[in-house]
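Colleague: Build me a model from this:
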Amino acid sequence: MPSFSTILSEFITLWVVIDPIGTLPVFIAATAGLAPRLARMAAARAVVIAFVILLAFILLGQVVLDALGLGLPSFQIAGGLVLFLFALTMIFGDGKPSHETAQVEKPRSDQQVQARRVSVFPLAMPSIASPGAMLAVVMLTDNDRFSVAHQAMTATIMVVVLLITLVILMAAQPILRVIGDTGAAIVSRVMGMVLAAVAVDAVLNGFVAIGVIPAF
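Modeller: The predicted structure is shown next:
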């Protein structure tokens, strides 16, 4: 049975890379002009699509690595570097909201079509199932290091984070009125700092695995 600290660490990692708070402004812009019922439908559909994408990475990510002959240390180091770059964009970039909302088109007259379209892009990808999230779930469910029970726990934690994301999106308008765009940007940058630390730890663990540095 994984320890509480392990569960908490994985929860924080998945929370940071999925970034439910940072998705809020994206959702607001993507569903602007839609009826409340259709906006809620788009939120639910986006979370379901993101779940399917991340679950596919959990189930097939390690298989792909094995087929390519890549060991986990290599993927840990590469994944950590990519996660670190992703964290830098959260800290120093325009921020998740402005970067992704810039890609949102104005709603069409057919609101149902618009709701289905924005639930895939930019909500499910790249906002919820971000590249960082895809890499994170593969690294957290490595077959060589983690048991099936541990991987199931990771998948459960992912589902919990996605459900929290859904709840936040359903309450998007009230939350955004409270924290505002500035508040969402601040939270995103703080999460970027946490993600940077997680990424550095992944790289260091990869170096330990290949014997470049001693265990710490």
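Colleague: ok, then the element right after the least confident helix or strand in the chain by mean pLDDT?
Modeller: Here the helix or strand of the chain ranked lowest by mean pLDDT, DSSP states H and E is helix 96-101, holding a mean of 57. Counting by DSSP states H and E, the next helix or strand C-terminal to helix 96-101 is helix 111-118.
Colleague: where does this structure dip in pLDDT?
Modeller: For the chain, the stretches with pLDDT under 70 are 1, 72, 93-109.
Colleague: So which bits of the strand or helix carrying residue 50 are buried?
Modeller: Using DSSP H and E, the element containing residue 50 is helix 36-67. By 16 or more other C-beta atoms under 10 Å, the buried positions in helix 36-67 come out as 38-43, 45-47, 49-51, 53-54, 57-58, 61-62, 65. C-beta coordinates here come from the backbone N, C-alpha and C atoms, glycine included.
Colleague: Stretch 122-136 too?
Modeller: Neighbour count says stretch 122-136 has 122-130, 132-136 buried, by 16+ other C-beta under 10 Å.
Colleague: In CSV, list those along with secondary structure.
Modeller: As requested, the buried residues of stretch 122-136 are exported to CSV (DSSP: H, G, I helix; E, B strand; the rest coil):
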residue, secondary structure
122, helix
123, helix
124, helix
125, helix
126, helix
127, helix
128, helix
129, coil
130, coil
132, helix
133, helix
134, helix
135, helix
136, helix
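Colleague: Is it possible to get TSV of those that adds distance to residue 184?
Modeller: Converted to TSV, those look like this (distance: C-beta to C-beta, whole Å):
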residue	distance to residue 184
122	15
123	15
124	19
125	20
126	17
127	12
128	15
129	19
130	16
132	18
133	18
134	23
135	23
136	21
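Colleague: what's the closest of these to residue 84?
Modeller: Residue 84 lies nearest to residue 132 out of those, by C-beta to C-beta, at 9.8 Å.
Colleague: Report the secondary structure state of residue 145.
Modeller: Residue 145 falls in the coil class when you classify it by three-state DSSP.
Colleague: Likewise for residue 214?
Modeller: With three-state DSSP as the basis, residue 214 sits in coil.
Colleague: Give me the neighbour count for residue 116.
Modeller: Neighbour count of residue 116, defined by other C-beta atoms under 10 Å: 14.
Colleague: Next one: it relative to residue 16, how far apart?
Modeller: Look at residue 116 and residue 16: by C-beta to C-beta, to the nearest Å, they are 29 Å apart.
Colleague: just residue 205 next, same as before
Modeller: 17 Å.
Colleague: in the host helix or strand of residue 191, what counts as buried?
Modeller: Using DSSP H and E, residue 191 maps to helix 172-209. The neighbour-count check on helix 172-209 (16+ other C-beta under 10 Å) flags 172, 175-176, 184-185, 187-189, 191-192, 195-196, 198-199, 201-207, 209 as buried.
Colleague: give the contact list for residue 11.
Modeller: Contact analysis of residue 11 by C-beta atoms under 8 Å, 6 or more residues apart in numbering lists 157, 160, 161.
Colleague: which among those residues end up buried?
Modeller: 157, 161.
Colleague: Need phi/psi at the most centrally placed residue in the chain.
Modeller: Central residue of the chain (C-alpha atoms, centre = their mean): residue 18, 2.2 Å from the mean position. Main-chain dihedrals, residue 18, degrees, to the nearest 10: phi -80, psi -40.
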